[in-house]
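Peer 1: quick one, structure for this:
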Amino acid sequence: MTDAKYREEICRFGRSLFERGLTPGSSGNISLRLDDGGWLVTPTNASLGFLDPARIARLDAQGKLVSGDAPTKEIPLHTALYDTRPSARAIVHLHSTHAVAITMLPEIDPKAVLPPMTPYYLMRAGQTALVPYFRPGDPAVASAIKGLAGRYSSVLLANHGPVVAGETLEAAVFATEELEETAKLYLLLRGLNPRYLSPEQVSDLVRVFRLTLPKHDEHGH
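Peer 2: Residues are numbered from 1 along each chain as shown. Prediction:
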């Protein structure tokens, strides 16, 4: 795919996420890693609903701005995920309401934020870790994500929102959407003693779809 096509793809998915209320105002950001090791990144203070392809930031492999507007201040968290997950080619970070809400609940397990509720949550998002609160743009968030050692493709930042990596931008967007829907299901069912997928059902999904889940989560939540 050409640089121009990648830019169009970022704008198209950004608009879709924004128009469905998945990240309000100028919140959220998207990055895409290019074959030469550089990236395309949405600019700082830009709404994902109104991106201009020509103004998307182009960074070189060292993270220096080559062209476009100044990139999002969330670069440290994108860098940390790319550094620990070599298969990642795109990262989506949103401030989606339900995913943010569950980060504030007292019972949440930081190693498995959501229980195995649906097959598609496990197939798309895998399992989700919770990272403690950091000020937006704080470089310390990179250390927290690196501490997860690349075991998770989806991470929730406490009181802030999801950061999801994928092998393509489409995969990252779909996984982010699945995470948000699963968070919504969790909140709808909280306190109702719902039936989650059994350890056997989770193991079956892992085997059939060749999923890689963190070891401690394979027996449910």
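Peer 1: when you work out contacts or count neighbours from here on, use the C-alpha atoms and nothing else.
Peer 2: Fine.
Peer 1: and for the residue sitting nearest the centre point of the chain, nearest residue in space, chain neighbours not counted?
Peer 2: Per Cα atoms, centre = their mean, the C-alpha nearest to the average position across the chain is that of residue 164, at 1.6 Å. In space, and not counting its chain neighbours, residue 164 is closest to residue 154: 4.4 Å by Cα to Cα, 6 or more residues apart in numbering.
Peer 1: how about residue 42?
Peer 2: residue 56 (5.2 Å).
Peer 1: which helix is the longest one in the protein?
Peer 2: helix 169-189 (DSSP state H).
Peer 1: extract the C-alpha trace of that helix and format it as CSV.
Peer 2: Presented in CSV, the C-alpha positions along helix 169-189 are these (Å, rounded to 0.1, in the frame of the first residue of the first chain):
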residue,chain,number,x,y,z
LEU,A,169,-5.0,-0.9,11.0
GLU,A,170,-8.2,-2.7,10.4
ALA,A,171,-7.3,-5.4,12.9
ALA,A,172,-6.4,-2.8,15.5
VAL,A,173,-9.7,-0.9,15.0
PHE,A,174,-11.8,-4.1,15.1
ALA,A,175,-10.1,-5.2,18.3
THR,A,176,-10.6,-1.8,19.9
GLU,A,177,-14.3,-2.0,19.0
GLU,A,178,-14.6,-5.5,20.4
LEU,A,179,-13.0,-4.4,23.6
GLU,A,180,-15.4,-1.5,23.9
GLU,A,181,-18.4,-3.7,23.3
THR,A,182,-17.2,-6.3,25.8
ALA,A,183,-16.7,-3.5,28.4
LYS,A,184,-20.3,-2.5,27.7
LEU,A,185,-21.5,-6.1,28.2
TYR,A,186,-19.6,-6.3,31.5
LEU,A,187,-21.2,-3.1,32.8
LEU,A,188,-24.7,-4.3,31.7
LEU,A,189,-24.3,-7.6,33.4
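Peer 1: alpha carbons only: can I get stretch 55-74 in CSV?
Peer 2: C-alpha atoms of stretch 55-74 as CSV (Å, rounded to 0.1, in the frame of the first residue of the first chain):
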residue,chain,number,x,y,z
ARG,A,55,-1.3,16.9,7.7
ILE,A,56,-0.8,13.5,9.3
ALA,A,57,2.6,13.5,11.0
ARG,A,58,5.4,11.4,9.2
LEU,A,59,8.1,10.3,11.6
ASP,A,60,11.4,8.6,10.8
ALA,A,61,12.5,5.3,12.4
GLN,A,62,14.1,7.4,15.3
GLY,A,63,10.8,9.2,15.9
LYS,A,64,11.8,12.5,14.4
LEU,A,65,9.2,14.6,12.6
VAL,A,66,9.8,14.5,8.8
SER,A,67,6.6,16.2,7.6
GLY,A,68,3.1,17.1,8.6
ASP,A,69,1.8,18.6,11.9
ALA,A,70,3.3,17.8,15.3
PRO,A,71,2.4,14.3,16.4
THR,A,72,0.2,13.3,19.3
LYS,A,73,1.8,13.7,22.8
GLU,A,74,0.9,10.0,23.3
